[in-house]
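Participant: the following block contains a protein sequence and its predicted model.
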Amino acid sequence: MKRTMMCGVWLVALVALALPAAAQISVAVIDVQRVVTDSDPGKESLQRLRTLQDEKIAEGRTLQSELEGLRDQVNKQRLTLSEQKLAEMSGQIEDKTIALQRFEDDAKRSLEEARRTALGRLEERIMPIINQIGKERGLTLIFNKFQSGLVYADDAVDITDDVIRRFNTAE
């Protein structure tokens, strides 16, 4: 009984000590994805990435068309081609197939690297703005709204719009 009473006293004391500390914590959230998609610099970066992606897609389609043209040619002339010419064209098809696969792999890596670089540059420019807003508002913590495990955050603690406004007018 005495032991239970002491545990209760300690629990009350710990809660009492924690309350003032909790009252001093000021928290905000930011939707970084929305900053990227809705800010002017973010839109510019995303457009550059789309342009690069479109170029890679066009280049891939050209390679694919060449490969399909070669396959069609072999299929149409299969009966009239010599064995040597047929073997040569089959080798070309194999080479173009490998080249297309390599191109697709390289394009995927290139686009991913461009995406990482663009997002890294945006982050370098956004972080000082986030830090400045945090200091101005006396915030203790700023969470990335959808990547921090938060289930709910009131709109009153969301600083996304302020960050977008400042990011659009920065520089």
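Facilitator: That came through fine.
Participant: just checking, what's the longest helix in this protein?
Facilitator: Secondary structure assigned by DSSP state H gives helix 83-136 as the longest helix of the chain.
Participant: the helix or strand just after that one pairs with which strands, parallel or anti?
Facilitator: Beyond helix 83-136 on the C-terminal side, the first helix or strand identified by DSSP states H and E is strand 141-144. Strand 141-144 has its sheet partners listed here by DSSP bridges as strand 27-30 (parallel).
Participant: which residues touch the strand it pairs with?
Facilitator: Here strand 27-30 makes contact (C-beta atoms under 8 Å, 6 or more residues apart in numbering) with 130, 133-134, 137, 139-145, 148, 150, 153, 157-160, 163. Where you see a C-beta, it was placed from the backbone N, CA and C, and this is true even at glycine.
Participant: for the longest helix of the chain, name the packing helices and strands.
Facilitator: strand 27-30, helix 32-38, helix 40-77, helix 160-169 (3 or more C-beta pairs under 8 Å, 6 or more residues apart in numbering; DSSP states H and E).
Participant: buried deepest among the ones you listed, which one?
Facilitator: For the helices and strands packed on helix 83-136, average neighbour numbers computed from mean count of other C-beta atoms under 10 Å are highest in strand 27-30, which has a mean of 20.
Participant: now it: average pLDDT?
Facilitator: For strand 27-30, mean pLDDT rounds to 92.
Participant: centre of the chain to that strand, how far?
Facilitator: Taking the mean of its C-alpha atoms, strand 27-30 sits 20 Å from the chain's own mean (C-alpha atoms, centre = their mean, to the nearest Å).
Participant: please apply the same query to stretch 25-33.
Facilitator: Centroid displacement of stretch 25-33 relative to its chain, using C-alpha atoms, centre = their mean, is 18 Å.
Participant: quick one: end-to-end length of it, please.
Facilitator: One end of stretch 25-33 to the other measures 25 Å (C-alpha to C-alpha, to the nearest Å).
Participant: hmm, back to that, the longest helix of the chain relative to helix 40-77, how many degrees between them?
Facilitator: For helix 83-136 against helix 40-77, the angle by axes from the mean of the first three to the mean of the last three C-alpha atoms, to 10 degrees is 170 degrees.
Participant: quick one: average confidence on helix 83-136?
Facilitator: pLDDT averaged over helix 83-136 gives 95.
Participant: re earlier: closest one to residue 102 among the helices and strands packed on helix 83-136?
Facilitator: Nearest of these to residue 102, taken as C-beta to C-beta: helix 40-77 at 9.9 Å.
Participant: from the contact counts, what lies against that closest one?
Facilitator: Identification of packing neighbours for helix 40-77 by 3+ C-beta pairs under 8 Å, 6+ apart yields helix 32-38, helix 83-136, helix 160-169.
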